[in-house]
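1. no sequence for this one, just the structure:
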C-alpha cells in the first residue's frame, strides 16, 4: 500500500517531537492551524495546493501529535518554532497562511523573520482586535485548568457529546460554532493536551478579550502581498476585525465569504481554496531586505505609537 503523501512525519527539535505534514513541489506554502487544532485543519486544501507548491502543515507544540511540554506557548515562541522547523526542512522562504491563532502566529513570524516571508494570508485571524468568543474567554478564568478535565472526561463525552445533547434535550438546537468548538475541545484527550491548550489561550486572551494585538505593526505588512479571508457570520472573531486590518495594511486583498463562519479551511474549503490559489498565482513573492525593513520602521505612522 502506498503511503499517503500527507502522512504525519516527526522531527526532534530542541529535544521535543514536532509533527508535520509535507508534500508537493514548488514554492513553499506553510499552513498554520488554530487553537485546539492540528495539521488536519488543512486536509481539504492540502492536496490541491500540493499540485503546484511545497505544502507544509505543522502541528504546533502543544497541539496534535507534537510534544506538549510545560513551556512557552506565546506567539513569539510559536514563530521561533516555525522558523526552526523550516530550517530543519531546508525551506528558506515561504508564504505563510494562518487560521485563527495561526493567523497571529503568521503575523508574528512575518514580524520576527521578514526575510523569510513571501506572502501573508490571514484566515479569520486572531491578534487583530479585542473581541473574541466568550467560549475562549471562559478558559482564562481561575480554575479552568481543573474544570476542563472534568468536562472532557471520557464518560461525559461518551454520554452523548455534551453540551450538544444537553442542549437538544432542552429544546435548543446548538449552533454550528458551538458544535465545532466542542468538537475541537474533545480532541484534548489527556492532561498534557488540556494544559497546553489552557496555556496557549491564556497567552493571548484574558477575561476582557484578546490581549495581544498586531495593529501597531500592521503597517509593516505593506511590504508583503497580503490576503485577508473571513466569514461574515464568524461568531468566534468578528468580521469587523477583517475590515480594520485591511484598512491598516496598504494594498491588502480582502475577501468576505457570505454565510460562512469561523472554520473556513474545512467547512468552506470549496470557496476558500480558489481564493487562496488565485492569490498565490496573481501576486509576486516579496523579498524584504534588511535595509527596506529599517526604512519601514523609521517611517512608522505617528498614530501607531504605543499608548
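-> Ah, there it is. As the structure is a prediction and not an experimental result, all values here were calculated from the model. Numbering: from 1, shown residues only.
2. how many neighbours does residue 274 have?
-> Residue neighbour count, defined by other C-beta atoms under 10 Å, stands at 11 for residue 274. Where C-beta positions appear, they are placed from N, C-alpha and C, glycine not excepted.
3. cool, and the one 4 residues further on?
-> Residues near residue 278, counting by other C-beta under 10 Å, number 13.
4. got it, and residue 247?
-> Residue 247 has 11 nearby residues by other C-beta under 10 Å.
5. how close does it get to residue 99?
-> Taking C-beta to C-beta, to the nearest Å as the criterion, residue 247 is separated from residue 99 by 21 Å.
6. residue 93 and residue 113 touch, don't they?
-> No. Distance between residue 93 and residue 113: 9.5 Å, which falls outside the contact criterion (C-beta atoms under 8 Å).
7. once you drop chain neighbours, what's closest to residue 98?
-> residue 106 (3.2 Å; C-beta to C-beta, 6 or more residues apart in numbering).
8. what sits against that neighbour?
-> Taking C-beta atoms under 8 Å, 6 or more residues apart in numbering as the definition of contact, the neighbours of residue 106 are 32, 96-98, 120-122, 125.
9. and for residue 104?
-> When contacts are taken as C-beta under 8 Å, 6+ apart, residue 104 is in contact with 75, 98, 125-127, 204, 212, 214.
10. can you map out the strands along the protein?
-> With DSSP state E applied, the chain shows strands at 9-13, 16-23, 28-32, 54-58, 94-99, 117-123, 205-206, 209-210, 226-231, 253-257, listed in chain order.
11. so how far is residue 205 from the closest residue in space to residue 230 that isn't next to it in sequence?
-> Leaving aside its sequence neighbours, residue 230 sits nearest to residue 242 (C-beta to C-beta, 6+ apart; 3.9 Å). Separation of residue 242 from residue 205 (C-beta to C-beta) stands at 19 Å.
12. how about residue 229?
-> In this structure, residue 229 and residue 205 are separated by 22 Å, where distance is defined by C-beta to C-beta.
13. check what pLDDT residue 7 gets.
-> Reading off the per-residue confidence, residue 7 sits at a pLDDT of 91.
14. next: residue 148.
-> In this prediction, residue 148 carries a pLDDT score of 63.
15. just residue 299 next, same as before
-> At residue 299, the pLDDT value in this model is 84.
16. residue 220 versus that one, what's the distance?
-> According to C-beta to C-beta, residue 299 stands 10 Å off from residue 220.
17. what do you get for residue 191?
-> Using C-beta to C-beta, one obtains 39 Å as the distance from residue 191 to residue 220.
18. before we move on, what about residue 46?
-> Taking C-beta to C-beta as the criterion, residue 46 is separated from residue 220 by 29 Å.
19. those two: which has the busier surroundings?
-> Set residue 46 next to residue 220 and count neighbours by other C-beta under 10 Å: residue 46 wins out with 26 against 20.
20. was I right to think that one contacts residue 30?
-> No. With contact defined as C-beta under 8 Å, residue 46 does not count as touching residue 30 (11.5 Å).
21. shared neighbours, the two?
-> Shared contacts of residue 46 and residue 30 (C-beta under 8 Å, 6+ apart): residue 57.
22. tell me which of residue 242 and residue 205 has more neighbours.
-> In terms of neighbours (other C-beta under 10 Å), residue 242 is the more surrounded of residue 242 and residue 205; the figures are 26 against 23.
23. can you tell me the closest non-neighbouring residue to residue 86?
-> For residue 86, the nearest residue in space outside its immediate sequence neighbours is residue 94; the separation is 6.5 Å by C-beta to C-beta, 6+ apart.
24. ok, that neighbour - contacts?
-> By C-beta under 8 Å, 6+ apart, the contact list for residue 94 reads 27-30, 56, 86, 116-118.
25. poorly predicted segments of the stretch 51-200 of the chain, please.
-> Per-residue confidence for the stretch 51-200 of the chain (pLDDT under 70) gives these ranges: 144-189.
26. 50 instead?
-> Counting by pLDDT under 50, the stretch 51-200 of the chain contains low-confidence residues at 159-160, 170-174.
27. next, the buried residues of stretch 221-234.
-> Under the neighbour-count criterion of 16 or more other C-beta atoms under 10 Å, stretch 221-234 has 221, 223-231, 234 buried.
28. let me see the mean pLDDT of it.
-> Computed over stretch 221-234, the average pLDDT equals 95.
29. before we move on, what about stretch 16-29?
-> Mean pLDDT, taken over the full extent of stretch 16-29, equals 97.
30. tell me which residues of it come out buried.
-> Using 16+ other C-beta under 10 Å as the burial criterion, the residues of stretch 16-29 that qualify are 18-24, 27-29.
31. and for residue 63, the neighbour number?
-> Taking other C-beta under 10 Å as the neighbour definition, residue 63 ends up with a count of 28.
32. I am finished for the moment; much appreciated.
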